[in-house]
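Peer 1: model this:
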Amino acid sequence: MQRTVIIDALKSKAFNQPINVRGWVRSRRGNKNVSFIALNDGSTVKTIQIVADLTKFPEEQLKPVTTGSCISATGILVESQGAGQAVEIQLTDLQVYGTADPDQYPLQKKGLSVEYLRTIAHLRPRTNLFGAIFRIRHNMAMAIHTYFHQHGYFYFHTPLITASDCEGAGQMFQVTTKNLYNLKKTEDGKIDYSDDFFGKQTSLTVSGQLEGELGATALGRIYTFGPTFRAENSNTPRHLAEFWMIEPEIAFMDLTELMDLEEDFIKFCVKWALDNCRDDLEFLNQFVDKGLIARLESIINAEFVRLPYTEGIRILQEAIKNGHKFEFPCEWGDDLASEHERYLVEEHFKRPVIMTNYPKAIKAFYMKIDEKESGYNGKSGQTVQGTDVLFPQIGEIIGGSVREESYDKLMNEIEERNIPMKDMTWYLDTRKYGSCPHAGFGLGFERLMLFVTGMQNIRDVIPFPRTPKTAEF
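Peer 2: The predicted structure follows:
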């Protein structure tokens, strides 16, 4: 008989008709007359109740049906007699696909911590919590593709293996086929990559932005959505070594239009979650964060604040004068810490903030310099047309900028910062041949997932987290 997924079975009105469901047993309970099996197949956070009459299914036959076992259950769909579900299945035929020893199955106990579940990441998707998170993750990916497709963007695939360091921080994972125990060296003692697979030093990408800019200067509007890698030794709840990034790049876009795009895009994604993941969000709202749904709804209805960096520093320094204590300093020129960002969002404005016009010294070389914007002590040319979207709970969720389109100005920044560009002539060519104004942003997918799910640790919103000293599964 053809299988019906449980999310559809729970909505079905085909009462007194045969139905087949398959999945994993969440629990089995009962008395001397009847046994109740709660079955879940991953299509929803909810289970369907299967009722086994013990005169037809003796206890010996049901003995393998333990928590974690996988079964196929055929029966008659009926309206439920008990509270908590609209329908249930009166069992007529049972097949056990795989058993789970109750003395060894790790998910047997209730109330397991997320820290423990990380050690069994191969099994944690079967829990209600992680089933909900990963269904939402799928929906957020669909929201991203849908938004850009509907707005005329082209999905542009940028390389994962690269010879360029977009951020200039040098925190990149090297890619090589060389024998690490017998490295060939040059005369000056450096590693000789001439006999390596690509004939030069290569790494895993930290961003698809630079190649994305090439696409934008030909196709007009593109976006990337793929894995990126940072060899940053940060053991924090907000950092991963492997994570996913969404990076749109748009020709002929200015700073105001960029901020409009950032706000519209993030609101679309949040609304998509509310419209398409209601059951999972209600579960998370009940068991993870009781303010989750209200916070998501507030994002949709809020007008994001547009805040220049210099004004943000003034607000933070005023808060310090009034007795607020921060762990880190916040003088003009400092890169704001998460506590500063969250103060502005959660306490001062009480809504999302798009901070703009940062000091150029703390931002990337490719950001367009403000010629007119006043910086420190009213001087011009000290800030760039960069944007950070700051959200409650997590701080920065989006980082973007207008890109410098002038070849001479871009080269001046590259030379001042001593950035090696020997493998990036292709990037500079976009400023030599038909250069155009353009802008874009980067959104860490897992940061978005943290906000939408209410989870506190980024390791819990990706199936198999990669962090320092951790590469299991």
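
Peer 1: for the stretch 101-250 of the chain, give me the ranges with low pLDDT.
Peer 2: For the stretch 101-250 of the chain, residues meeting the criterion pLDDT under 70 lie at 166-170.

Peer 1: where exactly do the strands run in it?
Peer 2: Ranges of strands within the stretch 101-250 of the chain are 154-155, 161-162, 174-175, 202-204, 221-229, 242-251, based on DSSP state E, counting those that start in this stretch.

Peer 1: kindly reformat those strands as TSV containing distance to Lys422 and mean neighbour count.
Peer 2: To be clear about C-beta, it is placed using only N, CA and C from the backbone, and glycine gets the same treatment. Putting the strands of the stretch 101-250 of the chain into TSV (distance: least, Cβ to Cβ, whole Å; neighbours: other Cβ atoms under 10 Å) gives the following:
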stretch	distance to Lys422	mean neighbour count
strand 154-155	30	14
strand 161-162	14	16
strand 174-175	17	16
strand 202-204	14	20
strand 221-229	22	21
strand 242-251	24	23
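
Peer 1: of all the ones you listed, which one is nearest Ile315?
Peer 2: Nearest of the strands of the stretch 101-250 of the chain to Ile315, taken as Cβ to Cβ: strand 242-251 at 29.3 Å.

Peer 1: I'd like the strands of the stretch 101-250 of the chain laid out as JSON lines, including distance to Glu405.
Peer 2: Output for these, formatted as JSON lines (distance: least, Cβ to Cβ, whole Å):
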{"stretch": "strand 154-155", "distance to Glu405": "20"}
{"stretch": "strand 161-162", "distance to Glu405": "22"}
{"stretch": "strand 174-175", "distance to Glu405": "31"}
{"stretch": "strand 202-204", "distance to Glu405": "27"}
{"stretch": "strand 221-229", "distance to Glu405": "16"}
{"stretch": "strand 242-251", "distance to Glu405": "10"}
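
Peer 1: strands of the stretch 351-473 of the chain, residue ranges please.
Peer 2: According to DSSP E, counting those that start in this stretch, the strands that the stretch 351-473 of the chain contains are 353-359, 383-391, 395-403, 438-444.

Peer 1: circling back to that earlier point, nearest to Asp53, out of the strands of the stretch 101-250 of the chain?
Peer 2: Checked against Cβ to Cβ, the stretch from these lying closest is strand 242-251, at 48.5 Å.

Peer 1: past that closest one, which element shows up next along the chain?
Peer 2: Downstream of strand 242-251, the first helix or strand assigned by DSSP states H and E is helix 255-276.

Peer 1: pull the residues that contact that next one.
Peer 2: Contact with helix 255-276 is made by 136, 139-140, 142-144, 146-147, 248, 250, 253, 281, 293, 296-297, 299-300, 304, 306, 352, 354, 356, 385, 387, 389, 397-398, 400-402, 439-441, 443, 448, 451-452, as judged by Cβ atoms under 8 Å, 6 or more residues apart in numbering.

Peer 1: next: stretch 21-33.
Peer 2: Contact with stretch 21-33 is made by 3-6, 9, 35-42, 47-48, 50, 52-55, 62, 65-73, 89, 97, 100, 126, as judged by Cβ under 8 Å, 6+ apart.

Peer 1: where's the residue of the chain positioned farthest from its centre, which helix or strand?
Peer 2: Distance from the centre of the chain peaks at Thr55, with 50.2 Å (Cα atoms, centre = their mean). Remark: Thr55 resides in no helix or strand, with elements defined by DSSP H and E.

Peer 1: next up, the contacts around it.
Peer 2: So Thr55 contacts Asn33 (Cβ under 8 Å, 6+ apart).

Peer 1: what pLDDT is listed against it?
Peer 2: pLDDT, Thr55: 93.

Peer 1: re earlier: list buried residues within the contacts of stretch 21-33.
Peer 2: Buried members of the contacts of stretch 21-33, counted by 16 or more other Cβ atoms under 10 Å: 4, 6, 9, 35, 37-41, 47-48, 50, 52, 62, 65-73, 89, 100, 126.

Peer 1: about what we covered before: got a markdown table for the strands of the stretch 351-473 of the chain, with mean neighbour count, mean pLDDT and distance to Phe197 too?
Peer 2: Listed next are the strands of the stretch 351-473 of the chain as a markdown table, based on neighbours: other Cβ atoms under 10 Å; pLDDT from 0 to 100; distance: least, Cβ to Cβ, whole Å:
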| stretch | mean neighbour count | mean pLDDT | distance to Phe197 |
| --- | --- | --- | --- |
| strand 353-359 | 23 | 96 | 39 |
| strand 383-391 | 25 | 96 | 36 |
| strand 395-403 | 23 | 95 | 31 |
| strand 438-444 | 24 | 97 | 28 |
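
Peer 1: which residues are in contact with the closest residue to Gln317 other than its chain neighbours?
Peer 2: For Gln317, ignoring the flanking residues on the chain, the nearest one in space by Cβ to Cβ, 6 or more residues apart in numbering is Cys330 at 6.7 Å. With contact set as Cβ under 8 Å, 6+ apart, Cys330 has these partners: Ile313, Leu316, Gln317, Ile320, Leu336, Ala337, His340.
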